[in-house]
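Asker: sequence and predicted structure are below.
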Amino acid sequence: MSLQSVLFDIDELHSFSDLSTFAQHIPVEWVASALDLSSSATIRRRRLPSDQVLWLVLGMALFRNEPISEVARRLNICAQGLASDSLLARSGVSQARQRLGAEPLQCLFRQTGECWGKERYPGDDWHGLQVLAADGAVLRTPDTPALREHFGSGNTSTDRQTPFPMMRLVALMNVRSHVMLDAQLSPYRRSEIRLADEFIDRIPDRSITLLDKGFWSADLLLRLAGGGQQRHWLIPARKDLVFETRETYHADDQWVQMKVSPQARKRNPELPAIWEVRAVSYMHKGQRRTVYTSLPAEHYSSEAVAQLYRERWEIELGFRDIKSSLQHNAVTLRSKTVALIYQEVWGLLLGYNVIRREASQAAVAHGQEPARVRFKFAYQYIAAQLIVMAAAQPLSRTGARLAELRAGIGNLFLDRRPRPSRPRSVKISKTRYPVNRKAAPLK
């Protein structure tokens, strides 16, 4: 059984061949051969065709600790068991990945995110709205001059940069199913707000987007709320904000107005001079906190709004699943060139979505909420089963094996028990090697 036949169901993806944007980067012929590998190969096919390389990159995301040639062999990427050292030399695989590029993986991720992000699951709605969250993370790359030149790195308290170049990732996630709807990648120096600008117009209608204070921008928030039907946002207050109360619903719920900064109006002259938001305050661990929102007070109580913002942490758990489970806490990504770094990360996000959606479907089959599935164990279980299914015969048993796969995932639900509260702390870093505190100086 081929990997791609297991991972994707063409009926549920609304026929990729009908979508011109998808066909522009991945032709119809790619999709057909990806869903059903050709049954024969000749000695001339030493270099991997692009369709097989696409699934190889996805396999790299699922088997981070395996050499790329071993990933191809285990998942039977090449037809008739030709995934051997003579066919998949390191240089041949690298050249094939370079020919493929990052755009097909990026486009496939976006298409699946758009389709799967619209799916609804039990407990998915909050007062009729889909609950989303947008946030950013950074991924480290190997430290080479070319990668440091392209991606850049952060500053430290000393006169040096961070040990590794860093890529910035900003993602939009369904916090109930943890499926990513969209994402943007860039060098580290580009801000999270500018990356969020790229997908803010694609946020679905009838939704509420949870943000952290790093996304505070009148331009961004006004575009989010005004660009569709019932598109709302929720964000914590920043310090030292100057506002004027226009209406008081009760002591912890007010309608306020603020001035739009001259810098924001210079960047976008269409912004109003004054904008109005709702401020909701609540007590958390003995401290008074405030969140701002576009949700109207007549339909959404202040208690419900305050409770909802706690779910923003779910996107942090999604980033943890990617870095800790899929990446096995690896210090850096595995690719060594700029183009292949982007390709690897798009494959990583696509692999994450595949696992999350399969886990969500298994949860629905068992009458459970998708967020209750343990991602780490679901990922390990799916990866192990894919190896078995990749070489299993006959093909007619595929449906039964997928049913068995989801039945197994159904045993991986989280128990409903309170999580202990632990303050953030930095553990002692020990090394037997000397530390060069002047490494990678700022230019």
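Answerer: It's in.

Asker: what about the strands in this protein?
Answerer: Using DSSP state E, the strands of the chain run over 125-126, 129-140, 166-174, 180-187, 207-211, 231-236, 244-250, 253-259, 274-284, 287-293.

Asker: of those strands, flag the one that's most buried.
Answerer: Mean neighbour counts were taken over the strands of the chain using mean count of other C-beta atoms under 10 Å, and the top value, a mean of 26, falls to strand 207-211. Heads up, the C-betas are built off the backbone N, CA and C, glycines and all.

Asker: who does that one touch, helix- and strand-wise?
Answerer: Using 3 or more C-beta pairs under 8 Å, 6 or more residues apart in numbering; DSSP states H and E, the elements in contact with strand 207-211 are strand 129-140, strand 231-236.

Asker: those strands: which one's closest to Ile200?
Answerer: Ile200 sits nearest to strand 129-140 of all the helices and strands packed on strand 207-211, at 8.3 Å, using C-beta to C-beta.

Asker: so how far is Phe164 from Gly154?
Answerer: For Gly154, the distance to Phe164 equals 10 Å [C-beta to C-beta, to the nearest Å].

Asker: mind putting the helices and strands packed on strand 207-211 into JSON lines with distance to Val345 and mean pLDDT?
Answerer: Below are the helices and strands packed on strand 207-211 laid out as JSON lines (distance: least, C-beta to C-beta, whole Å; pLDDT from 0 to 100):
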{"stretch": "strand 129-140", "distance to Val345": "6", "mean pLDDT": "94"}
{"stretch": "strand 231-236", "distance to Val345": "26", "mean pLDDT": "94"}
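
Asker: output the ones you listed as JSON lines; include the columns distance to Arg99.
Answerer: As requested, these are exported to JSON lines (distance: least, C-beta to C-beta, whole Å):
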{"stretch": "strand 129-140", "distance to Arg99": "24"}
{"stretch": "strand 231-236", "distance to Arg99": "40"}
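
Asker: just so I know, which of these lies nearest Glu344?
Answerer: For the helices and strands packed on strand 207-211, proximity to Glu344 was assessed by C-beta to C-beta; strand 129-140 is nearest, at 9.4 Å.

Asker: before we move on, back to that, Gly154 and Phe164: who's more crowded?
Answerer: Phe164 (20 against 12; other C-beta atoms under 10 Å).

Asker: any idea how far Val345 is from that one?
Answerer: Distance, Phe164 to Val345, using C-beta to C-beta: 15 Å.

Asker: tell me the angle of the longest helix seen in the chain relative to strand 180-187?
Answerer: Criterion DSSP state H: the longest helix present in the chain is helix 338-365. Orientation note: helix 338-365 sits at an angle of 160 degrees relative to strand 180-187 (axes from the mean of the first three to the mean of the last three C-alpha atoms, to 10 degrees).

Asker: buried residues in helix 338-365, which are they?
Answerer: Using 16 or more other C-beta atoms under 10 Å as the test for burial, helix 338-365 gives 338, 340-364.

Asker: from His150, how far out is Asp212?
Answerer: Counting by C-beta to C-beta, the separation of Asp212 from His150 is 27 Å.

Asker: low-confidence stretches in the stretch 51-200 of the chain?
Answerer: 51, 76-92, 155-161 (pLDDT under 70).

Asker: helices along that one, start to end?
Answerer: 68-74, 90-100, 103-117, 145-151, 192-199 (DSSP state H, counting those that start in this stretch).

Asker: for the third one, buried residues please.
Answerer: Yep, that's helix 103-117 we're talking about. Here helix 103-117 shows 104-113, 115-117 as buried, counting by 16+ other C-beta under 10 Å.

Asker: wait, Leu340 sits on Gln98?
Answerer: Yes - using C-beta atoms under 8 Å, Leu340 is in contact with Gln98, at 6.9 Å.

Asker: and for the residue nearest to Gly59 when sequence neighbours are not counted, the neighbour number?
Answerer: Excluding the flanking residues, the one nearest Gly59 by C-beta to C-beta, 6 or more residues apart in numbering is Val71, at 4.4 Å. Using other C-beta under 10 Å, Val71 is surrounded by 25 other residues.
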